[in-house]
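Student: Next come a sequence and a model predicted from it.
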Amino acid sequence: MLQHKLTQMYQILFEHFGHRRWWPGNSPLEVCVGAILTQNTSWKNVEKAITNLKNAGNLKVSLLHKISTDELATLIKPAGYYNIKAKRLKNFITHLVKRHQGSLDSMFQADVDELRTELLSINGVGKETADCIILYAANKPIFVIDAYTKRVLERHGIVGQDADYDSMQMIFHRNLKEDVALFNDFHAQFVAVGSRHCRRNPKCAGCPLERLGGRGSVI
DNA sequence: GACCAGGCACATC
DNA sequence: GATGTGCATGGT
């Protein structure tokens, strides 16, 4: 039942938006940096911060390791929360250098569960950030739950308002085949529909998922 | 000028 | 264990 609904949901989104080819980052390191910078922040602001890092030639592990936290904070300013995020980026890079000689490939050798536990041990990396890194940088199968995903699930009556991260993630893991490409594109579709139709649009007008009987067609 | 955005850690009860 | 709060810029 749920399996059918999720499949139907994905098909509608796929037909509407096409393949999303996500995440919007050119390298695994850029995905990791973006995942931390986008915490509670719109992607447009993150893009500016990443552009600053690139222009300063700092989007490399060795340089991110060398740069001071204050300098880093200045470069990522447009992403907001720049002091806390500079510390979080530093925590991530320091961990990577100490444990894996700065090699993401080395860190990504671990299986999904080990990698997730390791990422969650880094101060500043929570569940969503860890899962983004696992799925979009390490290309391992884990479903990312974010604000958009939660909103869509809520509006389609699949979960209640108080649903937590783990329970929502379990819905996808139990009802979809474990497939990196599917998890990657499905979550990207949620972001596509969420950023275009959910934001400041509680009645979901014009949303391709109206066909499924979400709030837009119910209220 | 208020409100929101692809969270997270920490304090307090 | 649940709830509240600080972190901050840029777009609507």
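Tutor: That came through fine.

Student: drop to CA atoms for contacts and neighbour counts, all remaining ones
Tutor: OK.

Student: what about A:Lys127, distance to A:Asp164?
Tutor: 11 Å (Cα to Cα, to the nearest Å).

Student: Pick out whichever of those two has more residues nearby.
Tutor: Between A:Lys127 and A:Asp164, counting by other Cα atoms under 10 Å, A:Lys127 is the more crowded of the two (18 against 12).

Student: quick one: that one and A:Leu120 touch, right?
Tutor: Yes. Between A:Lys127 and A:Leu120 there is a contact under Cα atoms under 8 Å: 6.8 Å.

Student: Strands along chain A, start to end?
Tutor: Counting by DSSP state E, no segments of chain A form strands.

Student: what residue ranges in it score low on pLDDT?
Tutor: A:200, A:202, A:214-219 (pLDDT under 70).

Student: near DNA strand C, which residues of chain A show up?
Tutor: Applying Cα under 7 Å from any atom of the strand, we find that chain A lies next to DNA strand C at A:40-41, A:44-45, A:77-85.

Student: go again using 10 Å as the cut-off
Tutor: Residues of chain A lying close to DNA strand C (Cα under 10 Å from any atom of the strand) are A:38-49, A:73-74, A:76-87, A:124, A:162, A:164, A:199-200.

Student: Now the buried members of the residues you listed.
Tutor: The neighbour count (16 or more other Cα atoms under 10 Å) marks A:38-39, A:43, A:45-49, A:73, A:76-80, A:82, A:85-87, A:124 as buried among the residues of chain A next to DNA strand C.

Student: Give me the subset of these lying in helices.
Tutor: Of those, the ones assigned to helices by DSSP state H are A:Trp43, A:Asn45, A:Val46, A:Glu47, A:Lys48, A:Ala49, A:Ala73, A:Tyr82, A:Lys85, A:Ala86, A:Lys87.

Student: The last one: what's it in contact with?
Tutor: Spelled out, it's A:Lys87. By Cα atoms under 8 Å, 6 or more residues apart in numbering, the contact set of A:Lys87 is A:Thr69.

Student: try 10 Å
Tutor: Residues near A:Lys87 by Cα atoms under 10 Å, 6 or more residues apart in numbering: A:Ser68, A:Thr69, A:Asp70, A:Leu72, A:Ala73, A:Ile93, A:Asn123, A:Gly124.
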